[in-house]
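J.: sequence unknown, structure follows:
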């Protein structure tokens with residue numbers, strides 16, 4: 001979203017929340033617009049405008065939204081595709097495990113990226129296929145549900161960040177991985 005488009009968004013917010021904006025200084029208004037412009041740099045004016053109007057339509061607090069509230073609305077729009085629940089995801093994995101002894105690679109490749117990340121590898125599917133079914137349906141299934149929740153939440157939090165911030169986080173994570181990989185080995189006892 002451009003600076004001029006961000007100004008248009010603020011015009012809508014000011015029209016709806018006039019009491020909040022009546023005493024704001026020009027300097028504070030410009031700082032808010034710059035922040036929103038930066039935080040929504042990867043989002044279209046149309047999408048942000050729709051999210052702002054959706055927020056306004058359901059707001060009962062009387063306070064204008066912050067960046068996070070609009071990012072949350074955008075995330076809901078982006079997730080319009082049907083997402084698996086944790087139970088559906090777990091059941092889909094357990095169904096693949098049923099065929100996992102001889103077809104683990106084929107079953108693993110059918111998974112969407114989120115489930116591939118959750119399972120880890122076709123080898124793990126095969127290992128689960130060889131497990132006692134009681135343990136698989138209780139311990140493994142419970143862990144899958146918990147892990148799926150965590151992966152989805154992490155994905156949601158990352159999805160709303162501007163690309164510039166995601167890149168910084170990625171560089172930090174990469175440098176940490178390099179640092180951890182270059183640690184000297186412990187001396188033998």
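T.: Noted; the coordinates are in hand. Predicted model only: the values in this text are computed from it and were never measured.
J.: drop to CA atoms for contacts and neighbour counts, all remaining ones
T.: Will do.
J.: what's the host helix or strand of residue 46 packed up against?
T.: Element membership of residue 46, judged by DSSP states H and E, is helix 45-58. Secondary-structure packing of helix 45-58 (3 or more Cα pairs under 8 Å, 6 or more residues apart in numbering; DSSP states H and E): helix 3-16, helix 67-78.
J.: Now do that helix: everything it contacts.
T.: 1-2, 5-6, 9, 13, 16, 40, 65, 69-70, 73-74 (Cα atoms under 8 Å, 6 or more residues apart in numbering).
J.: PyMOL command for the buried members of the residues you listed?
T.: Only the buried entries of the contacts of helix 45-58 go into this PyMOL selection, using 16 or more other Cα atoms under 10 Å:
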select buried, resi 1+2+5+6+9+13+16+40+65+70+73+74
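J.: export the contacts of helix 45-58 to CSV and tack on distance to residue 140?
T.: Formatted as CSV, the contacts of helix 45-58 follow (distance: Cα to Cα, whole Å):
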residue, distance to residue 140
1, 44
2, 48
5, 49
6, 47
9, 47
13, 48
16, 50
40, 40
65, 41
69, 35
70, 37
73, 34
74, 34
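J.: so where do the helices sit in the protein?
T.: 3-16, 18-21, 26-39, 45-58, 67-78, 86-98, 100-110, 113-119, 122-129, 133-135, 141-159, 163-181 (DSSP state H).
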